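**Q** one predicted model, sequence on top.
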Amino acid sequence: MGSPRSKVEVKGFEARYYDLLMGILTLGQYNRWIRKAVRDSGAAPGWRVAELGSGTGVAACEFSRIIGEGGKYMGLDIGKEMMEKARKRCSSRKNVDFLFQRIEEPFTLPFQADLFFVSFVMHGLEDYDKEKVLANVRENLRPGGYFAVLDYSQMKVESSWFLPKLIIGKLECPLAREFAEMDFPSFVERRGFRFSNLKKYFLSMFSLYLFIRK
Ligand SMILES: C[S@@+](CC[C@H](N)C(=O)[O-])C[C@H]1O[C@@H](n2cnc3c(N)ncnc32)[C@H](O)[C@@H]1O
């Protein structure tokens, strides 16, 4: 069971209309940001990629195109409706697969990944679940492999501009504010990764945090 303080498990109405809702909230930009972050994650032809909380499969299709026939992508999620949409979106992609799996519970992938990607999931996890997720990533990622996290940027929410204040401060779960205000890169570094790079999007509201497994 996820934490009662989290809103990151997407079900029912929100899951059925997820793409539409995110499109409206971001003036049609959401999927474009995800695809851009996928391209910026450094994935290359032939890579084995795993995604945590793969949602409706937007990143999956972009990874599929980049890694090509020689690569393999596996998306992990627990949302039934979200996964149905992802499977439909990627139905013609032979290098894509999905697995019903809680990302904080131990799992073993059929491959050692070159890259793990996660977008807009980490901010909704309690610290003890973030730790479990990081242990799972370490277990299934080759040494030297990449861990790419697209999520809210580090900021003091109250003194930020109006949109982060509204979205993170008022609409999101309390965990999202804690995420934005913690030192996320150091939290990950203390658990067996080296912080490698940071890319910011949309007036610095979102960041792609890139780590390398030690
Ligand atoms: C906010 S959505 C983000 C979806 C997608 N990554 C994106 O950026 O559009 C969170 C996704 O993570 C999934 N999720 C949440 N908690 C999870 C958990 N503990 N294990 C696996 N999937 C989880 C949800 O079902 C949902 O698809």
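**A** Sure thing, it's come through. None of the values given here were measured: they were computed from a predicted structure.
**Q** could you use CA atoms for every contact and neighbour count after this?
**A** Noted.
**Q** the longest helix seen in the chain: which residues count as buried?
**A** Ranked by residue count and defined by DSSP state H, the top helix of the chain is helix 127-140. Along helix 127-140, the positions that meet the burial threshold by neighbour count (16 or more other CA atoms under 10 Å) are Asp129, Lys130, Glu131, Val133, Leu134, Ala135, Asn136, Val137, Arg138, Glu139, Asn140.
**Q** return the distance of the closest residue to the last one other than its chain neighbours relative to the ligand.
**A** So that's Asn140. Nearest residue to Asn140 in three dimensions, chain neighbours excluded: Gln112, at 5.2 Å (CA to CA, 6 or more residues apart in numbering). Gln112 is 19 Å from the ligand, where distance means CA to the nearest ligand atom, to the nearest Å.
**Q** go on, Arg191?
**A** Look at Arg191 and the ligand: by CA to the nearest ligand atom, they are 19 Å apart.
**Q** and the pLDDT at the closest residue to that residue other than its chain neighbours?
**A** Closest residue in space to Arg191, ignoring its immediate chain neighbours: Leu134 at 7.1 Å, by CA to CA, 6+ apart. Model confidence at Leu134, expressed as pLDDT, equals 98.
**Q** ok, Leu134 touching Val188?
**A** Yes: applying CA atoms under 8 Å as the test, Leu134 and Val188 come out as touching, 7.4 Å apart.
**Q** circling back: just checking, what packs against the longest helix of the chain?
**A** With contacts defined as 3 or more CA pairs under 8 Å, 6 or more residues apart in numbering; DSSP states H and E, helix 127-140 has no packing partner among the helices and strands.
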